[in-house]
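Novice: with the input below, show me the fold.
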Amino acid sequence: MELVRRIAYSNSVHGLPKLSHAAIGPLAKLACISFALLFFAGDVKASAQFAWIPFDLTAAAALVTCTLSVISVLVNQGKVSAQVLWMVVLFLGFGVSAMWTEWTPYAEGKAARLFTLALLAAIVPAFTLNRLERVQLFVNSIIASGMLISIGALLQLASGASLVERVTGINSDTISLGRNAGVALVGLYATSLTATRYKALFTILCIPLLLVLVASGSRGPVLFAVAVLAFITIRWSLKSARATVAALVLAVAVAAVLFSGAPGIPQGSLKRIEGFVLQRYDSSSGERVLAGNAAIQEAEKAPFGLGIGGFGRVYNFGSVTDRIHPHNVVLEVIVEQGWLTGAFFVFLLIMGLARVYRTAVREPRLRPFLAVVLFAFGNSLVSGDENDNKVVYALLCIALMTPELVHNASNKSEDRLGDHAADLSY
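Specialist: All right, here's what the predicted structure looks like:
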């Protein structure tokens, strides 16, 4: 009842009611957090430890996100970022390929997820993350979620994980754990460089995340986590004495874990990473190479694409329902949605990366977001399909919005002084 009383309707514009500023803060926070949880719910719900939950966590997070997006439209008087049009055009391109899709059970399931959850991820930022502070909260929620999930793996390490082949924690698989620990690691490290307080604490917290990342044995997340840490360090850490010390501490920790091992880390995980460094292929990496080569060959023969799930139809291990994909989201779009849609997707990725990098150079608060973007984009090139990597669509939409986010933040004080009624926060 208290929240209801705080929601006051003022004069509406074009028939859309406006919520009072009193109810704005909590709803904005809930929107950012629920949207972040949307990308972790699937990893948690697939775990046997959470099979007792009587409802679908992903569906619940999506429902809350949709509801708050509708409220956002009302609050913002129907105004959303124009950058959402890029994402709409991209998904229209995905939809065109449905005309020549062979609707196997696998294709139907893939299309259902693509045009619900993935589409939701692609457009929601234009409604709910249209302020720099909200993007910061979204990134912080991702980091916090990754850290919480990593606690399960740390407990597994403490209870004798060396007896198992690889650590999964509360995740259903090791790749999910590696991604969750990795995104928390790079985001937290970038935060430590821009934070005015708790720099040492943030740096120290990176060390257990590193242990979990290595213990997962997931080579893609390890590779891109190290690459992003190196990039952030070279680009920004060396300009400050404190940041340089933090970078050195983390570098020593990385070297200690990778080269000398750490107590409790499964040997299977260490051997997988060692084999990757020495360029020794196992069945998993060999499958990815074969699938990638096959995707390139099929794309050359099908300029309009094979249709949704088409790659799994022509390249499979004996069943059209097998969940087969190239483990590269760019190749997947090109081979299934066609050259034109693939080229447009690559164009958006390059433009998004360029925009977020330029704005992060000027605005330090966006550097943790840049780290998360680089890590997620990199991992989408080595594992998972379009739906597994739906967070890429969300990050891409935000990345395209970053120039206007910084512009709005710089004019925020003037907006409040000039016309309080024009405040778009909710």
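Novice: element containing Ile308?
Specialist: Ile308 belongs to no helix or strand when elements are defined using DSSP states H and E.
Novice: and it, its phi and psi?
Specialist: Summarising the backbone geometry of Ile308 under the convention degrees, to the nearest 10, its torsions are phi -60, psi 130.
Novice: then Asn328?
Specialist: Recorded main-chain torsions at Asn328 are phi -150, psi 110, according to degrees, to the nearest 10.
Novice: please begin residue numbering at 31 from this point
Specialist: Shifting the count to begin at 31 puts that one at Asn358.
Novice: pretty sure it is touching Val319, no?
Specialist: No. Contact between Asn358 and Val319 fails when scored by CB atoms under 8 Å: they sit 10.8 Å apart. All C-beta spots, glycine's among them, are computed from the backbone N, C-alpha and C.
Novice: more neighbours: which of those two?
Specialist: Set side by side, Asn358 and Val319 show more neighbours around Asn358, with 22 against 11, by other CB atoms under 10 Å.
Novice: so the closest residue in space to the more buried one that isn't next to it in sequence: helix, strand or coil?
Specialist: Spatially, and ignoring its direct neighbours in sequence, Asn358 is nearest to Leu411 (5.2 Å; CB to CB, 6 or more residues apart in numbering). Three-state call for Leu411 (DSSP: H, G, I helix; E, B strand; the rest coil): coil.
Novice: burial count for Leu411?
Specialist: Using other CB under 10 Å, Leu411 has 18 other residues around it.
Novice: correct me if wrong: it contacts Pro356.
Specialist: No. Taking CB under 8 Å as the contact criterion, Leu411 and Pro356 are not neighbours in contact, 9.8 Å apart.
Novice: excluding chain neighbours, what is closest to Glu434?
Specialist: On the basis of CB to CB, 6+ apart, the spatially nearest residue to Glu434 that is not a chain neighbour turns out to be Ser111, at 6.5 Å.
Novice: so what pLDDT did that neighbour get?
Specialist: Per-residue confidence (pLDDT) for Ser111: 81.
Novice: give me the element it is part of.
Specialist: Applying DSSP H and E, one finds Ser111 in no helix or strand.
Novice: roughly how far apart are it and Ala141?
Specialist: Distance, Ser111 to Ala141, by CB to CB, to the nearest Å: 27 Å.
Novice: quick one: contacts for the residue nearest to Asn358?
Specialist: By CB atoms under 8 Å, 6 or more residues apart in numbering, Leu411 lies in contact with Asn358, Val359, Val360.
Novice: separation between Asn409 and Arg164?
Specialist: When Asn409 is compared with Arg164 (using CB to CB), they lie 24 Å apart.
Novice: please identify which of the two sits among more neighbours.
Specialist: The neighbour comparison of Asn409 against Arg164 (other CB under 10 Å) goes to Asn409, with 26 against 21.
Novice: what's the weakest-modelled helix or strand in this protein?
Specialist: When each helix and strand of the chain is scored by mean pLDDT, DSSP states H and E, helix 32-36 comes last, with a mean of 37.
Novice: let me see the ranges of the strands in the stretch 31-180 of the chain.
Specialist: Defined through DSSP state E, counting those that start in this stretch, the strands belonging to the stretch 31-180 of the chain form an empty list.
Novice: packing partners for the lengthiest helix in the chain?
Specialist: Across the chain, the helix with the greatest residue count (assigned by DSSP state H) is helix 162-188. Of the remaining helices and strands, those touching helix 162-188 by 3 or more CB pairs under 8 Å, 6 or more residues apart in numbering; DSSP states H and E are helix 54-75, helix 204-224, helix 229-246, helix 397-409, helix 420-440.
Novice: can you say which of those is nearest to Ile181?
Specialist: The closest of these to Ile181 is helix 229-246. By CB to CB, the value is 8.8 Å.
Novice: what angle sits between that closest one and helix 162-188?
Specialist: Helix 229-246 and helix 162-188 are oriented at 50 degrees to each other (axes from the mean of the first three to the mean of the last three CA atoms, to 10 degrees).
Novice: helix 229-246: which residues count as buried?
Specialist: By neighbour count on 16 or more other CB atoms under 10 Å, the buried set for helix 229-246 is 229, 232-233, 235-246.
Novice: dump that helix to PDB, restricted to CA.
Specialist: Coordinates of each C-alpha in helix 229-246 appear next as PDB, following Å, rounded to 0.1, in the frame of the first residue of the first chain:
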ATOM      1  CA  LYS A 229      40.300  -0.400  -4.400                       C
ATOM      2  CA  ALA A 230      42.400  -2.900  -2.400                       C
ATOM      3  CA  LEU A 231      39.300  -4.900  -1.400                       C
ATOM      4  CA  PHE A 232      38.100  -5.100  -5.000                       C
ATOM      5  CA  THR A 233      41.500  -6.300  -6.100                       C
ATOM      6  CA  ILE A 234      41.700  -8.900  -3.400                       C
ATOM      7  CA  LEU A 235      38.200 -10.200  -4.300                       C
ATOM      8  CA  CYS A 236      39.500 -10.800  -7.800                       C
ATOM      9  CA  ILE A 237      41.800 -13.600  -6.600                       C
ATOM     10  CA  PRO A 238      39.100 -16.100  -5.600                       C
ATOM     11  CA  LEU A 239      37.200 -15.300  -8.800                       C
ATOM     12  CA  LEU A 240      40.400 -16.200 -10.700                       C
ATOM     13  CA  LEU A 241      40.600 -19.500  -8.800                       C
ATOM     14  CA  VAL A 242      37.000 -20.400  -9.700                       C
ATOM     15  CA  LEU A 243      37.600 -19.400 -13.300                       C
ATOM     16  CA  VAL A 244      40.600 -21.800 -13.600                       C
ATOM     17  CA  ALA A 245      38.900 -24.500 -11.600                       C
ATOM     18  CA  SER A 246      36.100 -24.600 -14.100                       C
END
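Novice: no further questions, thank you.
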